[in-house]
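Visitor: Here is a sequence with its predicted model. Questions after.
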Amino acid sequence: MRSLAVAGVLGLLAGCSSELAAPTHESAASRSTATTTTTTTATTTTRARATTGNIYRAASAGDLDPAVVHDPARVYVPNSLDGTVSVIDPATRRVIDTFPTGRVAQHVVPSHDLRTLWVNNNSGSLTPIDPATGRPGPTRTIDDPYNMYFTPDGRFMIVVAEARERLDFRDPHTLVLHDAVRVPCKGVNHIDFAANGSYFLATCEFQGRIIKVDTATHQLVDTLDLPHASMSQPQDVRLVPSGRFFYVADMMQNGVHVIDGDQLTRIGFLPTGPGTHGVYPSRDGSRMYITNRGSNTMPGPPRGPGSVAVVDPEVGELGSVVARWPIPGGGSPDMGNVSADGRELWLAGRFDSEVYCLDTTTGALLARIGVGAGPHGLTVWPQPGRYSLGHTGNMR
């Protein structure tokens, strides 16, 4: 096992990954007006696709499940280089607590039943947080939990064992391993499900590939290599609210691939900005917020400051960028989520040891809050929705 410092640096240099050696153990601020611009959509052959309405309608603003309505409003920030979680009170926009977890804390993931927030410690453990108190419980050993998702029926926790090149299907409460899917690519990291939940897509960061897995059988269905795969680093994947297609963020291509999941074909590409990384729907389903973490602190040529691209996914065949919100003074917006009322977008500044809070109406930066080193997959809690599919709050 590499040292924490080395592992952490590798985690930041990789797109959304730590590139750790595989674990060997296993067991049961200032307010600033944003610049807004418009752009035209890319073009592709027109195809007819059925829509399903807004698949995120159960996660509309303020529509909290009774199970979470009394949970205190908090923003939980995993600091991957510190092995800690910073807790922010979104009302005061101040850090009110910091506690240790396992090494290389990557993401804070709401459980399917909304009663546990799991800190994924990439070195080989999970730390549960009780959202009713905001306090951590005993850390549990588990093999290579880089990221985490849940099947729509809640039967299985899917642990993204990136270094192992596996997807581990586990009991969501006991963590007992049920079965594992060996993936045919390196750097598996993000997942999202079809509107009906029958399959999911997963991105492979280090091979420019997308894989499709049958949710019921856990069998690999198909793979798709992205154009110029050696120069591609697919990151987050998210179904648009209508269910027409998926957006796949590509950090090296600086935009999102538009993917027909049913046919597993690439429909086109929408440029969004340098270092494209995360994809989040607005609470009303009318917009997708695309984070571009491009930063001059990354290896290679300067790639420009971080920003958020606001996309209307129903304009044209691919959707269209309708606004761009730069982070004033520069920044590296990475992972995060939207507040319960839909008015704020909270994002981790991966290379800058800070968190950003943006106004979702104007794009103005409402606050930048100092946290630990290497902040990554933060979650806002509570969030609306009937259940969580994982990551930082993919709610439906």
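Guide: That came through fine.
Visitor: looking at the chain, which helix or strand does the model trust least?
Guide: None of the helices or strands of the chain scores lower by mean pLDDT, DSSP states H and E than helix 4-13, at a mean of 37.
Visitor: Next SSE downstream of it?
Guide: Note on helix 4-13: by DSSP states H and E, the next helix or strand toward the C-terminus is strand 74-79.
Visitor: Strands along the stretch 201-350 of the chain, start to end?
Guide: All strands of the stretch 201-350 of the chain, identified by DSSP state E, counting those that start in this stretch, fall at 209-214, 220-225, 234-239, 246-250, 255-260, 265-271, 276-281, 288-292, 307-312, 320-326, 333-338, 344-349.
Visitor: most packed of these?
Guide: Mean neighbours per residue, mean count of other Cβ atoms under 10 Å, is largest over the strands of the stretch 201-350 of the chain for strand 333-338, with a mean of 29. C-beta: built from backbone N, CA, C; applies to glycine.
Visitor: Specify the angle between that one and strand 276-281 in degrees.
Guide: With axes from the mean of the first three to the mean of the last three Cα atoms, to 10 degrees defining the directions, strand 333-338 sits at 10 degrees from strand 276-281.
Visitor: Keeping just the C-alphas, turn strand 333-338 into PDB.
Guide: Extracted in PDB, the C-alpha atoms of strand 333-338 (Å, rounded to 0.1, in the frame of the first residue of the first chain):
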ATOM      1  CA  PRO A 333     -15.400  22.700  -9.000                       C
ATOM      2  CA  ASP A 334     -15.600  18.900  -8.900                       C
ATOM      3  CA  MET A 335     -18.400  16.900  -7.200                       C
ATOM      4  CA  GLY A 336     -21.400  18.100  -5.100                       C
ATOM      5  CA  ASN A 337     -25.200  18.500  -5.300                       C
ATOM      6  CA  VAL A 338     -28.100  20.900  -5.300                       C
END
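Visitor: Run the angle between it and strand 307-312 for me.
Guide: Using the same axes, to 10 degrees: strand 333-338 against strand 307-312 is 50 degrees.
Visitor: All further residue positions should be reported with the first residue as 30.
Guide: That works, and once the first residue is 30, the last one we named lands at strand 362-367.
Visitor: got the angle between strand 362-367 and strand 317-321?
Guide: 160 degrees.
Visitor: just the angle between strand 362-367 and strand 103-108, please?
Guide: 160 degrees.
Visitor: Show me what strand 362-367 is packed up against.
Guide: Under the contact definition 3 or more Cβ pairs under 8 Å, 6 or more residues apart in numbering; DSSP states H and E, strand 362-367 sits against strand 305-310, strand 317-321, strand 373-378, strand 383-388, strand 408-410.
Visitor: try 7 Å this time
Guide: Strand 362-367 sits against strand 305-310, strand 373-378, strand 408-410, with contacts defined as 3 or more Cβ pairs under 7 Å, 6 or more residues apart in numbering; DSSP states H and E.
Visitor: That strand pairs with which strands?
Guide: Within its sheet, and counting by DSSP bridges, strand 362-367 is paired with strand 373-378 (antiparallel).
Visitor: follow-up on the earlier one: for Pro165, find the nearest of the strands of the stretch 230-379 of the chain.
Guide: Nearest of those to Pro165, taken as Cβ to Cβ: strand 373-378 at 18.7 Å.
Visitor: what's that closest one in contact with?
Guide: Residues outside strand 373-378 that contact it (Cβ atoms under 7 Å, 6 or more residues apart in numbering): 104, 106, 318, 320, 337, 360-368, 384-389, 395, 404-405, 407, 409.
Visitor: sec struct for the residue lying closest to Ser152 once chain neighbours are set aside, please.
Guide: In space, and not counting its chain neighbours, Ser152 is closest to Arg132: 3.8 Å by Cβ to Cβ, 6 or more residues apart in numbering. Secondary structure state of Arg132, per DSSP: H, G, I helix; E, B strand; the rest coil, is coil.
Visitor: pretty sure Arg132 contacts Gly112?
Guide: Yes. Counting by Cβ atoms under 7 Å, Arg132 does reach Gly112; the two are 4.6 Å apart.
Visitor: Tell me which of the helices and strands packed on strand 362-367 lies nearest to Gln262.
Guide: With Cβ to Cβ as the criterion, Gln262 lies closest to strand 305-310 of those, at 9.3 Å.
Visitor: Show the contacting residues for the closest residue to Asp173 other than its chain neighbours.
Guide: Once flanking residues are discounted, Asp173 sits nearest to Ala190: 4.0 Å by Cβ to Cβ, 6+ apart. When contacts are counted by Cβ under 7 Å, 6+ apart, Ala190 is found next to Asp172, Asp173, Tyr175, Asp197.
Visitor: now Thr232
Guide: Going by Cβ under 7 Å, 6+ apart, Thr232 touches Asn218, His219, Ile239, Pro263, Gln264, Val266, Val277.
Visitor: What of Ala209?
Guide: Counting by Cβ under 7 Å, 6+ apart, Ala209 touches Arg195, Leu196, Asp197, Phe198.
Visitor: any idea how far the helix or strand hosting the last one is from the chain center?
Guide: Secondary-structure element containing Phe198, defined by DSSP H and E: strand 195-199. Strand 195-199 has its C-alpha centroid displaced from the chain centroid by 18 Å (Cα atoms, centre = their mean, to the nearest Å).
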